[in-house]
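Undergrad: Let's see this in three dimensions:
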Amino acid sequence: MYAKAIDIKLPKPWKEKHFITKKLGFINFLVGPNGSGKSRFCEALKPHLPGCRILNADRIASLSTKPQDGNSHLIMSQSGIMQGYDKNHFSNYKRAAVYLGSGADAFVILEEKLDIRIRVEATLSQLFKREMRLEWDSGRLVPNAYNITQKETYHLNKDECHGIKELIVLLSHLYDDDYQSLIIDEPELNLHPQYQAFLVQELRKIAGDPSIPGKKLIFLVTHSPFILDILTAKDLSSVICFHADFESPSHLFYKSDEEIQTFSGIIPRLNVHHKQFFFADCPVFVEGIFDAQFIKSLQEFRGVSMEGSGSCIIDVGGNSEIALYHKLIQAYNKKAKYIYDLDSIFTRALGDNAEIDEKVSEFLASIGAGTGFQKFVGELQKLLTDAIEKITTCQVNTSEITELRTYLTKLSAVKEDKDNLKKGRIAILIHLAKHRQSLIEVLSLIKVQAIEGKLNAIVEALKSQDVYLLKGGALEHYLPTYEGNIYEVNDSIKRKTVEKEIEVLFSTVELNELDERYGYLYEVIKKLPAGQKVDFLSPIKGHLSGLVYKIQKGIQSKLITSIDAIPGYVGNEWKAYGRILEIQELNITSNDKFICKLKIFDRWGLGEFEVIINETTNSGMGSFELTKLDSNVVHESA
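TA: Reported below is the predicted structural model:
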């Protein structure tokens, strides 16, 4: 780590917030959703770093500057440098590139510094079978490329692919020793994932203490999980997270090396999929791939998008894995939501997190249950253990109780097996959700209510930290198509059930049936981040208001007397209106009273709509209705 005390008063859109740290990583990753201020932050950070150069996201686009002679020179544009870079203006190219955050001075660097040029040329030759040729023609530096495979020479700026130009710019400035710090905005632009990984390897070679020749502090503003290359705990501690609500960027620089090491167990698990949580504003964690598959499908059926709300769903492979991510999310002060199967309730992974969570303690205290989560769970365990004894020795022989008793008796055959005891307790809770009345017959209403009370209190306590416990078992227990043993579920049955349920969902289920069909699971899913359906009808009404006003005005002035007169009166705008509607009927009576019917075409997958207007329609307030022609569904004005 690099010792560097920094206190930055953050610019707009932050409000009176600061970014404070006493150290930085040698290579730092700036991550977060679009619009969270990462690029603005870099501009504020630049003056605090030794010898800093920024390469912005437009680094290979054209830019202009005016040399002393007043002539305009375009840099990195296909039309502006066809004759090359004028040697007399090298200083202007470099000055403009630095000022604008462009990388367009890369060819000047390569011409002036042969050691850097050799490194870049060797890389191009190895990776892309290209030779870069910087040639002089009448006092101008002309960058050409030679394709070794095709045996063809061509103008590098005009005819080379964006990816190779990106690497030339990035590597030239990475190796350049004029600067001690380098900030790159979206280094992944135009680069194949493999070459993103290659770039990170090169960055790691240069990243280091800037007081050492050839080393740089490096900051990468990225949306790519390939650039976010976390190999060690130090890499993890060098991630700076930005937030959509413009809380101060969060980081782990303040933590000791020992504290950072507590997160090291998660590093081998951070594949491309799991790294999404760094980029999402509010990720959702689930235990398995089938949970993620079904939840995504249900959200699609509802017409909402988790990704559209800045979220994502991440399956991590078990409740203990979710707990690891939960600790990391809290450390970065990020928001997240978690969905746990019921069997997590008695695991140490969930319990340890809940035990130290202030919100959980506050909730338990508010219901008079003390503040110890584990103690409260222990009380539920005791009730369930007593229930196991009662059920295995009872004489009730209904089919539901017989099935449960058989399962519990099989578990009890292996004495002192804690895992079997846990399975038995979970089985009773699953049975409670499915066959409550049969438990009352064995345990009594008071005993069942006591169990329910404890369970519901735990569920509500966990909700306070955005943890949703599926109190009916696991996801498959909420799917009507599940036909297996409710106490033991294997992955093959779960897979088939999820696939079948998704097929049924999209073929026979109506939107208004979801609450009844999925019960508590649907309650949970509705609480997940989700961008709402795109509302096409509101902008349709907004645009129709102008047409309504013109029709009213034209009829009042007697310039519209029939349907055929409307297009001419509306004028050039009618061409646009004609793409989405037609006038079906216009009846004008005395005193300028009229009824006009419009049909709105189905351009957005919503079906066709009818609009009826008259002389009293308030176009400005949108006091007209869009009536769906095939089902008589009305879109009321806001």
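Undergrad: which residues in the stretch 251-400 of the chain form strands?
TA: For the stretch 251-400 of the chain, applying DSSP state E, counting those that start in this stretch gives strands covering 284-286, 313-315, 337-341.
Undergrad: Could you confirm V611 falls within a helix?
TA: No: assigned with DSSP: H, G, I helix; E, B strand; the rest coil, V611 falls outside any helix and is strand.
Undergrad: neighbours around it, how many?
TA: 22 (other CB atoms under 10 Å). Where you see a C-beta, it was placed from the backbone N, CA and C, and this is true even at glycine.
Undergrad: contacting residues for it?
TA: 544, 581, 597-600, 624-627 (CB atoms under 8 Å, 6 or more residues apart in numbering).
Undergrad: related to what we said a few turns ago, please identify the most buried of the strands of the stretch 251-400 of the chain.
TA: Among those, strand 284-286 has the highest mean neighbour count (mean count of other CB atoms under 10 Å), at a mean of 26.
Undergrad: Could you pick out the buried ones from the contacts of V611?
TA: Buried members of the contacts of V611, counted by 16 or more other CB atoms under 10 Å: 544, 581, 598-600, 624, 626-627.
Undergrad: Of the contacts of V611, which belong to helices?
TA: Members of the contacts of V611 lying in helices (criterion: DSSP state H): L544.
Undergrad: surely S39 meets N56?
TA: Yes: under the criterion of CB atoms under 8 Å, S39 makes contact with N56 at 7.2 Å.
Undergrad: okay, whichever strand or helix holds K550 in PDB with CA atoms only?
TA: Under the criterion of DSSP states H and E, K550 resides in helix 537-556. Taking Å, rounded to 0.1, in the frame of the first residue of the first chain, the C-alpha atoms of helix 537-556 are listed here in PDB:
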ATOM      1  CA  LEU A 537     -49.100   5.200 -22.500                       C
ATOM      2  CA  SER A 538     -48.100   8.300 -20.600                       C
ATOM      3  CA  PRO A 539     -45.900   9.800 -23.300                       C
ATOM      4  CA  ILE A 540     -48.500   8.700 -25.900                       C
ATOM      5  CA  LYS A 541     -51.100  10.900 -24.000                       C
ATOM      6  CA  GLY A 542     -48.600  13.700 -23.800                       C
ATOM      7  CA  HIS A 543     -48.000  13.800 -27.500                       C
ATOM      8  CA  LEU A 544     -51.700  13.400 -28.300                       C
ATOM      9  CA  SER A 545     -52.500  16.500 -26.300                       C
ATOM     10  CA  GLY A 546     -51.000  18.700 -29.000                       C
ATOM     11  CA  LEU A 547     -53.000  17.000 -31.700                       C
ATOM     12  CA  VAL A 548     -56.200  17.300 -29.600                       C
ATOM     13  CA  TYR A 549     -55.600  21.100 -29.200                       C
ATOM     14  CA  LYS A 550     -55.000  21.600 -32.900                       C
ATOM     15  CA  ILE A 551     -58.200  19.600 -33.900                       C
ATOM     16  CA  GLN A 552     -60.200  21.700 -31.400                       C
ATOM     17  CA  LYS A 553     -58.700  25.000 -32.700                       C
ATOM     18  CA  GLY A 554     -59.200  24.000 -36.400                       C
ATOM     19  CA  ILE A 555     -62.900  23.100 -35.900                       C
ATOM     20  CA  GLN A 556     -63.500  26.300 -33.900                       C
END
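Undergrad: now what about that helix, what contacts it?
TA: 560-561, 565-566, 569-570, 573, 577, 580-581, 588, 592, 594, 596, 598, 600, 606, 609, 611, 613, 615, 617, 619-620, 622, 624, 626, 635, 637-638.
Undergrad: and if we set it to 7 Å?
TA: 560, 566, 569-570, 577, 588, 592, 594, 596, 600, 611, 613, 615, 617, 619-620, 622, 624, 626, 635, 637-638 (CB atoms under 7 Å, 6 or more residues apart in numbering).
Undergrad: For it, list every residue counted as buried.
TA: The neighbour-count check on helix 537-556 (16+ other CB under 10 Å) flags 537, 540-541, 544-545, 547-548, 550-552, 554-555 as buried.
Undergrad: What average pLDDT does it get?
TA: What helix 537-556 shows for mean pLDDT is 92.
Undergrad: again with stretch 145-159
TA: Here the average pLDDT along stretch 145-159 is 74.
Undergrad: what do you get for stretch 107-120?
TA: 89.
Undergrad: tell me which residues in it are buried?
TA: 107-111, 113, 116-117, 119-120.
Undergrad: do the same with stretch 387-394
TA: If you call a residue buried by 16+ other CB under 10 Å, then stretch 387-394 has these buried ones: 387-388, 391-392.
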